[in-house]
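S.K.: any chance you can model this:
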Amino acid sequence: MGCTRREFLALASVGTIAGMAGCAPAQHEAEPSTDEGQATPPVDASKFESLALDPSAWRFDGENNVYYQLGLTYCLDPATETYESLAIFVPGSYFIGKKNGDTYTCTVNEKAVVGSFTPATAPILMPINSGSLAAQASPTTYGYEGLAPYLTQGCVYVYAGFRGRSAAVDTTSGSDDLIAGGSPWPVVDLKAAIRYLRYNASVLPCDASRTFVFGFGAGGGLSAVLGASGDAALFEPYLAEIGAITHDATGASVSDAIAGSASWCPATSYDMADAAYEWCQGQYASDGSRADGTWTQLLSRDLAGAYGAWINEMDLRDSSDAQLTLDETETGVYAMGSYAQALLDEVDDAATYFVQNTAFPYTYTPQRLEDPAFPGDPNLAASREADALSQGAGGEAAADGTGEAEAGAVEGVAQVQSTIYDSAQSYFSSLNARAWWINYNHRSMSVSVSSLRDFVVNLRPAKLPAAPFDRPDRSSRANQLFGVGEDSTLHFSSCVAGVVEAGVDELSAAEGWDPAYETAWADDLETVDVLETPMADRVAMMNPLTWLSGHYEGYGQATVAPHWRVNEGLFDTDTSLCTAANIVCALRKYDGVADVAHTPVWGQGHVLAERSGSATSNLIDWVVSCCAS
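M.R.: The predicted structure follows:
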C-alpha cells in the first residue's frame with residue numbers, strides 16, 4: 001500500500017516529497033488574469049475614512065505624561081470588535097494637547113525629543129501577549145504599569161487584539177455565532193492593525209514604517225511570520241474579508257510590512273515541526289509513546305528520517321556558504337553531518353559564554369513560562385494574577401521580562417527545587433554524573449559537548465509525545481490552530497501524512513494502532529476553510545520559511561523585515577532546537593535583511609531567555625540600535 005518507508009525517504013531526498021503528500025507543502029496558486037489589457041479600476045479614495053483616527057479623542061494620564069486611545073477598530077468589517085481593535089499609548093511630550101472635556105485634541109509637537117527619538121523617528125512596539133496563540137483582546141481599560149520602559153525611551157506602544165488559534169464565541173457581543181479563528185486569522189488581524197497604523201501615520205507622532213513586533217513561544221512564531229510575510233499575496237483574500245485598509249486617501253497602497261521581529265523560543269514552521277522534534281529529541285527517547293513495540297515509536301523513527309531528507313533539500317547555508325546537510329546511515333538514521341555539527345557548535349558556544357560570564361556559586365532553578373505578561377491590558381494582568389494565586393506559581397518564570405519571579409508557596413503545588421553549584425568544576429561534574437559527555441577546560445574557560453545526542457538526552461529530552469504538534473488524537477494546540485469551525489481540531493501535516501501512508505503496513509502491526517489512523521491525516525488535509533483555502537496554504541501562512549527559503553514557492557514574494565532578534569533557551573523542551581536555527585540560517589542569506597541577532601541561552605528553557613539583564617530592557621535597546629543603524 002502506498003510506498004515503503006525507504007522509498008518514501010528516497011523520494012524525499014530527490015525533492016518529490018510534495019507530489020506524494022509528503023513533507024514539502026504545495027501551495028495553492030492563484031490563476032493569472034487572462035485579460036492583460038484591462039485597465040486597473042480607480043480606487044475609492046474615501047473608502048476607509050471611517051477608520052481615520054480622531055485627533056480630538058485622546059485621553060491623558062497627567063501623572064505619567066501619557067496620551068492614549070482605547071478600542072480603535074482597525075478594519076471595516078470586523079468579525080468581533082473585542083479582538084479586532086487596538087490601543088495606542090504615546091509619550092506625552094510628543095503631543096500638544098488642548099483639553100475638551102474628558103478628552104484632548106492633540107497635534108504633534110515636532111520639536112519634542114524623548115530618549116533617542118523625535119515624533120518623526122519614533123518606532124512602534126507591538127506585543128503578542130500569548131505564548132500559545134490564545135486570542136488577545138484589545139484593552140478596555142487603561143493602566144500605566146509596565147509601560148514606562150517603552151514610553152520613557154521614546155517608543156509608541158500599540159496593543160492590538162487578534163483572534164486566536166481556534167474559532168470562538170464573543171461573549172461580550174450577546175451573539176452565539178461562532179467567530180472564525182485559527183490559521184491564518186491571527187496573522188491577518190495583526191496585518192490589518194499594522195495597516196491601520198500606517199494609514200493614520202500623519203496624525204501619530206511616530207514613523208509607522210518602524211513597527212517592531214515581539215512575542216514568545218507561538219506568539220514569537222507569529223512575530224516571525226509577520227516579519228517574513230509583509231504584503232504577501234496569500235493573505236489578501238482574508239484581509240479583504242474583514243475590510244482591512246488597502247490604500248490611503250490618495251490611492252496609494254498601504255503596506256503591512258514591519259521593520260523588525262523579536263521572538264523568544266519561537267514555535268512555528270508547523271509543516272515540519274513534528275519531524276524536527278522527532279529528529280532532534282524524539283529519536284533518542286525510548287519511553288512513553290516512544291517505547292519499543294508501539295506504533296508511535298515507529299512513527300517517531302520515520303519522522304526523524306523524513307526530517308533528514310528534508311534538510312538535505314532545504315539548501316540551508318552556513319557563514320561560509322557551505323550547504324548544511326545530514327548523512328544517512330544504512331538504517332535510515334540521520335544523526336551526523338554539517339547540519340548537526342552547526343547545531344552542536346551553537347550549543348558549545350552558548351555553554352562557553354555561560355561559564356565565562358557566570359559568577360559562582362551559581363543557583364540553577366528550572367523554569368517554564370506559559371504566557372508572557374507584556375504591558376498594555378490591565379484586565380489581562382489582573383485575571384492572570386488571580387489564576388496564579390489560585391493555582392500557585394511554583395516553577396513559573398517571571399512573565400514581565402524582569403527576570404525576577406517570586407516562588408509560590410501554595411499547599412498542594414509542586415515546588416521546583418533550586419540547585420547551588422559552588423564552582424564551575426562542580427557544575428560540570430554534576431552534569432557528567434551518569435556518564436561523561438560535556439568537557440570543561442578550566443584554563444581556556446571553554447566547553448565542548450561530545451555529541452548533539454548527548455546534549456539532548458541530558459538537558460533537552462523529549463518531554464512531548466511522539467508527533468507532538470499534529471498528534472494522532474488531534475489534541476494539541478497546533479491541531480486547534482488548523483481546525484475549521486466546528487471541526488475544532490484537525491490534522492494538518494503533510495509530512496506526518498506521508499510517513500503514515502508510506503509505513504502503514506508496519507505501523508498497523510504495532511501496538512496501539514487504530515485502523516482509523518490510515519486515512520485520518522489524508523482526510524483532514526482535504527479540508528478547506530471558510531474562504532475555500534486548502535490546508536497546505538493555511539499551514540504555509542503560519543511558516544516564516546514560506547517566504548525566506550528557496551525551498552518554498554513563496555520565496556521572494558514578500559517584503560521581509562530588515563531587523564531580527566531571536567532568543568531561545570537551550571533547555572527548552574517545548575519545541576525543537578531546529579526551529580529557531582532554521583529561521584536564522586535562512587535570514588542570514590536573505591537579501592535585504594540588515595541584521596539578525598540570534599542568542600541561544602545556556603541554562604534557560606521555555607522562558608524569555610536572556611544571557612543577562614531583562615527581556616524588556618534588552619528588547620528596547622535592540623530596537624534603539626536598529627533605528628540608529
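
S.K.: domain assignment for this protein?
M.R.: 5-18+275-360+433-540, 55-270+548-628 (automatic domain parsing).

S.K.: tell me which of the ones you listed is the most buried.
M.R.: Counting by mean count of other CB atoms under 10 Å, domain 55-270+548-628 has the highest mean neighbour count of these, with a mean of 21. (Each C-beta comes from the backbone N, C-alpha and C, glycine too.)

S.K.: nearest to Val43 among the domains of the chain would be which one?
M.R.: domain 55-270+548-628 (4.8 Å; CB to CB).

S.K.: could you dump the domains of the chain to CSV with mean pLDDT?
M.R.: Output for the domains of the chain, formatted as CSV (pLDDT from 0 to 100):
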stretch, mean pLDDT
domain 5-18+275-360+433-540, 93
domain 55-270+548-628, 97
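
S.K.: dump these to JSON lines, plus distance to Val43.
M.R.: Output for the domains of the chain, formatted as JSON lines (distance: least, CB to CB, whole Å):
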{"stretch": "domain 5-18+275-360+433-540", "distance to Val43": "22"}
{"stretch": "domain 55-270+548-628", "distance to Val43": "5"}
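
S.K.: and the ones you listed: which comes nearest Phe374?
M.R.: Per CB to CB, nearest to Phe374 of these: domain 55-270+548-628, 3.7 Å.

S.K.: and the helices in the stretch 501-629 of the chain, which stretches?
M.R.: 517-525, 535-540, 545-548, 578-587, 615-628 (DSSP state H, counting those that start in this stretch).

S.K.: list the buried residues of the third one.
M.R.: In terms of neighbour count (16 or more other CB atoms under 10 Å), helix 545-548 has its buried residues at Leu545, Thr546, Trp547, Leu548.

S.K.: so the second one touches Arg538, yeah?
M.R.: So the one you mean is Thr546. No: contact criterion CB atoms under 8 Å: Thr546 and Arg538 do not qualify, at 11.3 Å.

S.K.: and Asn441, how far from Ser617?
M.R.: To Ser617, Asn441 is 33 Å away according to CB to CB, to the nearest Å.

S.K.: which residues does the residue nearest the centre of the chain contact?
M.R.: Geometric centre of the chain, nearest residue: Gly221, 1.0 Å, by CA atoms, centre = their mean. Gly221 makes contact with Gly215, Ser263, Pro266, Ala267, Thr268, Ser269, Met542, Pro544, Thr579, according to CB atoms under 8 Å, 6 or more residues apart in numbering.

S.K.: I'd like those residues as a markdown table, with distance to Gly498 appended.
M.R.: Formatted as a markdown table, the contacts of Gly221 follow (distance: CB to CB, whole Å):
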| residue | distance to Gly498 |
| --- | --- |
| Gly215 | 30 |
| Ser263 | 29 |
| Pro266 | 25 |
| Ala267 | 22 |
| Thr268 | 21 |
| Ser269 | 17 |
| Met542 | 19 |
| Pro544 | 22 |
| Thr579 | 20 |
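
S.K.: hmm, which two among the residues you listed are most spread apart?
M.R.: Farthest pair in the contacts of Gly221, by CB to CB: Gly215 and Ser269, 14.9 Å.

S.K.: check what pLDDT Val43 gets.
M.R.: For Val43, the pLDDT comes out at 86.

S.K.: OK, contacts around it?
M.R.: Going by CB under 8 Å, 6+ apart, Val43 touches Thr246, His247, Gly251.

S.K.: switch the cut-off to 7 Å
M.R.: Applying CB atoms under 7 Å, 6 or more residues apart in numbering, we find Val43 in contact with His247, Gly251.

S.K.: same question, Gly161
M.R.: Thr82, Tyr83, Glu84, Ser85, Leu86, Gln136, Ala137, Ser138.

S.K.: out of those residues, which sit inside strands?
M.R.: Applying DSSP state E to the contacts of Gly161, the entries found in strands are Ser85, Leu86.

S.K.: what residues does stretch 226-242 touch?
M.R.: 75, 77-79, 84, 184, 187-188, 190-192, 213, 255-258, 260-261, 531, 537, 540-541, 544, 547-548, 554, 557-561, 564.

S.K.: kindly format the C-alpha coordinates of it as CSV.
M.R.: Provided in CSV are the C-alpha atoms of stretch 226-242 (Å, rounded to 0.1, in the frame of the first residue of the first chain):
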residue,chain,number,x,y,z
LEU,A,226,4.7,38.9,10.4
GLY,A,227,8.3,39.8,9.8
ALA,A,228,8.7,37.4,6.9
SER,A,229,5.4,37.9,5.1
GLY,A,230,5.0,41.7,4.6
ASP,A,231,2.4,42.3,1.8
ALA,A,232,2.3,38.6,0.9
ALA,A,233,-0.5,37.8,-1.6
LEU,A,234,-1.6,34.7,0.3
PHE,A,235,-3.3,36.9,2.9
GLU,A,236,-5.1,39.3,0.6
PRO,A,237,-8.5,37.4,0.4
TYR,A,238,-8.6,37.3,4.2
LEU,A,239,-7.7,41.0,4.6
ALA,A,240,-10.4,41.8,2.1
GLU,A,241,-12.9,39.6,4.1
ILE,A,242,-12.5,41.9,7.2
